[in-house]
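# Curious how this folds, go ahead:
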Amino acid sequence: MPIVLHRIDDRLIHGQVVVGWGRPLGVGFIALVDDTVAASEWEQELYRMGVPPEMTLYFADVEAAARQHALWESDPRPGIVLAADIDTMRRLAALVAIAEVNVGGIHQAPGRAQRLRYVFLSQDEERSLRALADTGVRISAQDVPGSKTVELEELL
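A predicted model of the protein is given here:
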């Protein structure tokens, strides 16, 4: 079964990912791609607490994720690849083929403007999303599976 979702969500592991997406998609694993978390056992342990025991949680920095992506794609269980920010997903997409990215949560911060109730973007982040889309990746925003999908042009 292929990876069923590549998602950007600055909260990483939380109920919306594990329950909101994980259950409807029948997810058997989540690959959390983050350079900082991949280097921190303490942070990994915190994220493990948010995942049910039947769901495997992998941690990888961008380089390791690129090497492991084909293995995740060939896993018989559906999986989610999760990154906290646009730059991380863009770096990964430069190394492996990604067809589609879901923007699920980029929250309020200085220099960001609200685009949706759950997406706030700076001008640099907008440019990064457009650059990612220019490589052929379909980008849309959707917080949970039952909500409306917002395509990139409508988002920006």
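# I would like the residues contacting the helix or strand where V37 lies, please.
Using DSSP states H and E, V37 sits within helix 35-38. Applying Cβ atoms under 8 Å, 6 or more residues apart in numbering, the set of residues contacting helix 35-38 from outside is 12, 43-44, 47, 59-62, 64, 88. All C-beta spots, glycine's among them, are computed from the backbone N, C-alpha and C.
# List the ones among the residues you listed that fall in helices.
Per DSSP state H, helices hold the following members of the contacts of helix 35-38: 43-44, 47, 62, 64, 88.
# Between all of those residues, which two are separated the most?
Using Cβ to Cβ, these span at most 17.1 Å, a distance reached by Y47 and V62.
# any weak-confidence spans in the protein?
1 (pLDDT under 70).
# so where do the helices sit in it?
Going by DSSP H, the chain shows helices at 15, 22-25, 35-38, 41-48, 62-74, 86-93, 123-134, 152-155.
# Deepest in the core, which of those helices is it.
helix 86-93 (a mean of 21; mean count of other Cβ atoms under 10 Å).
# Let me know the angle separating it from helix 62-74.
60 degrees (axes from the mean of the first three to the mean of the last three Cα atoms, to 10 degrees).
# Make 603 the first number, not 1, from now on.
Happy to do that; since the first residue is 603 now, the last one works out to helix 688-695.
# So which elements touch helix 688-695?
strand 605-611, strand 631-635, helix 664-676, strand 681-685, strand 702-707, helix 725-736 (3 or more Cβ pairs under 8 Å, 6 or more residues apart in numbering; DSSP states H and E).
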